[in-house]
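Chemist: coords please:
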Amino acid sequence: MTTAPPHRLAILTVVRNDLAGLIDTHDSLRGQLGPRIAWLVADGGSTDGTAEWLAERGDPPVWWRSAPDLGIYAAMNDGLDAARRLGFSHVLFLNAGDRLAAADCAVRLLQAAGRRPDAALFYGDALERQGDGRILLKRARSHRWAAFGMFTHHQAMIYSVSALAGLHFDPAFRIASDYAFTLATLGRGPAVRLRWPVCLFAPGGLSQRNAATGRREQESIRRMHLGQSPMRAAAISALQWIALAVRHHFPTAYAKLRFRRPEI
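Modeler: Numbers count the residues shown, from 1 in each chain. The predicted structure is shown next:
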């Protein structure tokens, strides 16, 4: 009987001119990297010393490149293709500035993959750093609510590489391509909910800076991938706008509704 190869996790980081964030991400990986857990970095041609820092490391990523690209999702596609070539079984996209939530997080992810080798997607909760410095827990929603938008942070999702055959991030979507990518993955196998935080999310990312564009793109994605009628897709967008307005104008009330104190 042929023994299946052990699961291997690639942590993929994209960066452009954020060396401090890249170093912060790397610091959260200390003690977690090894033969079965590796770091891959796609740098979009930074001019802030990122490439030099990567080249001079005594423990460089197992794969990295530094060159101008067409944006964050093009960089993610490059990293994903590298993970495929290097034989990784699972991938986690952890952008510069984001961190793993705990010192044993990567190992727990591999253990989860071992228990459910049939799963196309694993997803967990996220920690979020607030403007006042507090770190709060943002629980994932069920993936069955995917029609209403991303059900957890992209950095708290782990994808099975075998389930991603032929799949890439669509560059036609500048903000919400990760949503289209996740919906496509959900159609390729079971999704498994992890009941613990996977990432510490760094605020101020692309989706937060361009929330309006992201909402419009999500509406198009729902119609394209889920076959929603224009009326239903627009109604969901309206609910998203209301939630966004509440978060912006009534941050304290939103925090009480959406966040919890970490249980770790």
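Chemist: below-threshold pLDDT in this structure: ranges please.
Modeler: 1-5, 204-211, 246-250, 252-257, 259, 261, 263-264 (pLDDT under 70).
Chemist: all strands of it, in order?
Modeler: Secondary structure of the chain (DSSP state E): strands located at 9-15, 37-43, 63-66, 90-93, 99-100, 121-129, 135-138, 157-160, 191-201, 259-260.
Chemist: now mean neighbour count and distance to Gly49 too, for these, in TSV please.
Modeler: C-beta coordinates here come from the backbone N, C-alpha and C atoms, glycine included. What follows is the strands of the chain, written out as TSV (neighbours: other CB atoms under 10 Å; distance: least, CB to CB, whole Å):
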stretch	mean neighbour count	distance to Gly49
strand 9-15	25	12
strand 37-43	23	11
strand 63-66	19	11
strand 90-93	25	23
strand 99-100	23	21
strand 121-129	22	24
strand 135-138	16	28
strand 157-160	25	30
strand 191-201	21	24
strand 259-260	14	35
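Chemist: can you put the ones you listed in TSV and add distance to Gln240?
Modeler: Formatted as TSV, the strands of the chain follow (distance: least, CB to CB, whole Å):
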stretch	distance to Gln240
strand 9-15	25
strand 37-43	29
strand 63-66	35
strand 90-93	22
strand 99-100	27
strand 121-129	18
strand 135-138	16
strand 157-160	19
strand 191-201	18
strand 259-260	18
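Chemist: start and end of stretch 48-63, how far apart?
Modeler: From its first residue to its last, stretch 48-63 covers 20 Å (CA to CA, to the nearest Å).
Chemist: can you give me the buried ones in that stretch?
Modeler: Taking 16 or more other CB atoms under 10 Å as the neighbour-count basis, stretch 48-63 is seen to contain the buried residues Thr50, Ala51, Trp53, Leu54, Pro61, Trp63.
Chemist: residues in contact with Ser28?
Modeler: Arg99, Leu100, Leu200 (CB atoms under 8 Å, 6 or more residues apart in numbering).
Chemist: closest one of those residues to His90?
Modeler: Nearest to His90 among those is Leu100, at 14.1 Å by CB to CB.
Chemist: how far away is the closest residue to that closest one other than its chain neighbours from Leu94?
Modeler: If you skip the residues right next to it in sequence, Leu100 has Ser28 as its closest partner in space, 4.7 Å away by CB to CB, 6 or more residues apart in numbering. Here the distance between Ser28 and Leu94 works out to 8 Å (CB to CB, to the nearest Å).
Chemist: again, but for Asp170
Modeler: Between Asp170 and Leu94 the computed distance is 21 Å (CB to CB).
Chemist: how near is Ala146 to Ala156?
Modeler: Distance from Ala146 to Ala156, counting by CB to CB: 14 Å.
Chemist: which one of those two is surrounded by more residues?
Modeler: Legend: neighbour count by other CB atoms under 10 Å for Ala146 and Ala156, higher for Ala156 (28 against 18).
Chemist: which one is that one nearest to, not counting chain neighbours?
Modeler: Per CB to CB, 6+ apart, closest to Ala156 is Val198, 4.0 Å.
Chemist: hmm, that neighbour is touching Leu109, no?
Modeler: Yes - contact status for Val198 versus Leu109: in contact at 7.3 Å, counting by CB atoms under 8 Å.
Chemist: need the overlap of contacts for the two.
Modeler: When contacts are counted by CB under 8 Å, 6+ apart, Val198 and Leu109 have Leu92, Ile158 as shared neighbours.
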